[in-house]
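> Attaching a predicted model along with its sequence, questions to come.
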Amino acid sequence: MKVIKGGVTAANGFQAAGLSAGIKKGNTKDMAMIYSIVPCKAAGTFTTNVVKAAPVKWDKEVVYHSSAAQAVICNSGIANACTGEEGFGYCKKTAEIAAEVLGIPADSVLVASTGVIGKQLPMDKIEAGIRSMAPVLSPAGSAGTLAAEAIMTTDTVKKEIAVEVEIGGKKVTLGGMCKGSGMIHPNMCTMLGFITTDVEISKELLQEALSESVNDTFNMVSVDGDTSTNDTVLLLANGLAGNPVIREKDGDYEKFAEALNYVNTWLAKQIAADGEGATALFEVKVIGAERKEQAVTLSKSIITSNLTKAAIFGHDANWGRILCAMGYSGAQFDPEKVDLYFESAAGKLKIIEDGVATDYSEEEATKILSEKAVTAIADIKMGEASATAWGCDLTYDYIKINADYRS
């Protein structure tokens, strides 16, 4: 597998566009389009929040019941959530306009929105944006970047990646982009993720590969403990790589799944690192677990602890907060057997051994915790299972950003 330059337009047959439709204040890009020159198999995972935005409901219908998908229309600035029948009607209208200008069926158009909850979409601006994007669709990497920029809300950086892998003697490409910075909490988060690939694979295995990967990637990210109404990850496969169709879980499937997991892991970590107001990516690895579920529970509990997140912001090796978060997670372990390490580009340091503090240097610990990416490793010495979760520190700026989000 090789990481290459690009995003959603890296795979054969995919085009994209992004522009300002006037949905957000100022001349800020706020609409994106992804298009495949041929119909695609589609897979998707969606928010677990009982309050689901209209685009989530629309996309579930397309992914689960349409014969194919061929385009994605996404806007930022307004979430189209808690908007009733009118909001769902606007999803249908968006798909119909895109279908008209692209010459494809309306039920092959996926839609996505992100932004403020409770507002109706300005359909005049949505329609104008679609009609403006269609003529400038391009397979160029720059077009994919424009799309990645157009789906941002409080994100500070665009998030896109592409990889190549050989499957069945053919070069297969996967490209992805996502947005996410705040209202981030498993399962999934206030994120939109779009992955494109030219692999030829059955729809059933495409969905299985995505679902399995999301569990280990996007579902292991938390910024602030809030789960959104709009969370959506879509995976489109158009088959243009020409590889033999992947119909079973053989070596070709494993290669594809590995590449997909790499893309999703990279994007998930970008979301965590770009958490609202964050100054550091905080990674938690729980190793030596008896079962994976146990490691997942423990790592998520640590990553979501506000006290721990605040300690990371303060570069304070306050390990008691980590052990405490493990203790109330609901997972069973022996606290008197836990070893805990802090690690970063500045080094690695054992903080506790068998549940008791080591004679570590506070100065060295602070140095390690002052890096842009910090890892805590908890070894519970019960088995061979492990899990990794990602989050960020909790800063003053998180409050500032969310106090005036609507204004």
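Arrived safely, thanks for sending.
> ok, which stretches of this protein are helices?
54-65, 84-102, 123-133, 141-150, 203-216, 251-273, 292-303, 306-313, 319-327, 362-369, 396-403 (DSSP state H).
> quick check: angle from the fourth one to helix 123-133?
This points to helix 141-150. When axes from the mean of the first three to the mean of the last three CA atoms, to 10 degrees is applied, the directions of helix 141-150 and helix 123-133 differ by 170 degrees.
> give the contact list for T279.
T279 is in contact with 313, 372, 392-393, 395, counting by CB atoms under 8 Å, 6 or more residues apart in numbering. (Glycine included, C-beta is placed from N, CA and C.)
> what comes up buried for stretch 300-311?
300-305, 308-309, 311 (16 or more other CB atoms under 10 Å).
> just for the stretch 301-407 of the chain, where's the confidence low?
404-407 (pLDDT under 70).
> ok, 90 please
Residue ranges of the stretch 301-407 of the chain with pLDDT under 90: 393-407.
> swap in the stretch 101-250 of the chain?
For the stretch 101-250 of the chain (pLDDT under 90), the answer is 115-117, 153-157, 180-191, 219, 221-231.
> L323 touches E336, doesn't it?
No. Contact criterion CB atoms under 8 Å: L323 and E336 do not qualify, at 10.5 Å.
> Give me the common contacts of the two.
Joint contacts of L323 and E336 (CB under 8 Å, 6+ apart) are G355.
> Give me the nearest residue to Y90, chain neighbours excluded.
Excluding the flanking residues, the one nearest Y90 by CB to CB, 6 or more residues apart in numbering is L121, at 4.8 Å.
> Give me the spatial nearest neighbour of A140, chain neighbours excluded.
Of all residues not flanking A140 in the chain, T9 sits nearest, at 6.5 Å (CB to CB, 6+ apart).
> Test for you: state the pLDDT assigned to the one you found.
Note for T9: predicted pLDDT of 98.
> which residues sit in contact with it?
15-16, 138-141, 143-144, 175, 196.
> re the thing from before, greatest separation within the buried residues of stretch 300-311: which pair is it?
K300 and A311 (17.3 Å; CB to CB).
> Pull the contacting residues for the residue nearest to G330 when sequence neighbours are not counted.
Distances taken as CB to CB, 6+ apart put T297 closest to G330, at 6.1 Å, once the chain neighbours are dropped. Neighbour list for T297: 329-331 [criterion: CB under 8 Å, 6+ apart].
> List buried residues within these.
Those of the contacts of T297 that meet the buried threshold are 329, 331, by 16+ other CB under 10 Å.
> can I get the contacts of T297 in a markdown table with distance to E86?
Formatted as a markdown table, these follow (distance: CB to CB, whole Å):
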| residue | distance to E86 |
| --- | --- |
| S329 | 42 |
| G330 | 41 |
| A331 | 44 |
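> ok so, going back, now, the contacts of T9 that are in strands?
15-16, 175, 196 (DSSP state E).
> Farthest pair within those?
Maximum distance among those (CB to CB): 11.6 Å, for Q15 and G175.
> Show me which of the two is the more surrounded one.
Neighbours of Q15 and G175, each counted by other CB atoms under 10 Å, are more numerous for G175; the result is 27 against 22.
> Can you give me every residue that contacts that one?
By CB under 8 Å, 6+ apart, G175 lies in contact with 6-11, 14, 144, 160-163, 195-197, 263.
> And for K372?
Counting by CB under 8 Å, 6+ apart, K372 touches 273, 279-281.
> Which of those fall within strands?
L281.
> which of the contacts of K372 are buried?
Burial by neighbour count, 16+ other CB under 10 Å: within the contacts of K372 this picks out 273, 279-281.
> Could you dump the buried residues of stretch 300-311 into CSV with distance to S132 added?
As requested, these are exported to CSV (distance: CB to CB, whole Å):
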residue, distance to S132
K300, 42
S301, 47
I302, 46
I303, 41
T304, 41
S305, 46
T308, 46
K309, 42
A311, 48
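> so which of those residues comes closest to T156?
K309 (18.1 Å).
> For that closest one, give its distance to R321.
In this view, K309 and R321 are 9 Å apart by CB to CB, to the nearest Å.
> what do you get for M177?
35 Å.
> between those two, who's got more neighbours?
Shown here are M177 and R321; by other CB under 10 Å, M177 has more neighbours (34 against 19).
> So which elements touch the top strand by length along the chain?
In the chain, assigned by DSSP E, the strand with the most residues is strand 31-46. With contacts taken as 3 or more CB pairs under 8 Å, 6 or more residues apart in numbering; DSSP states H and E, strand 31-46 sits against strand 14-19, helix 54-65, strand 69-78, helix 123-133, helix 141-150, strand 192-197, helix 203-216, strand 232-237.
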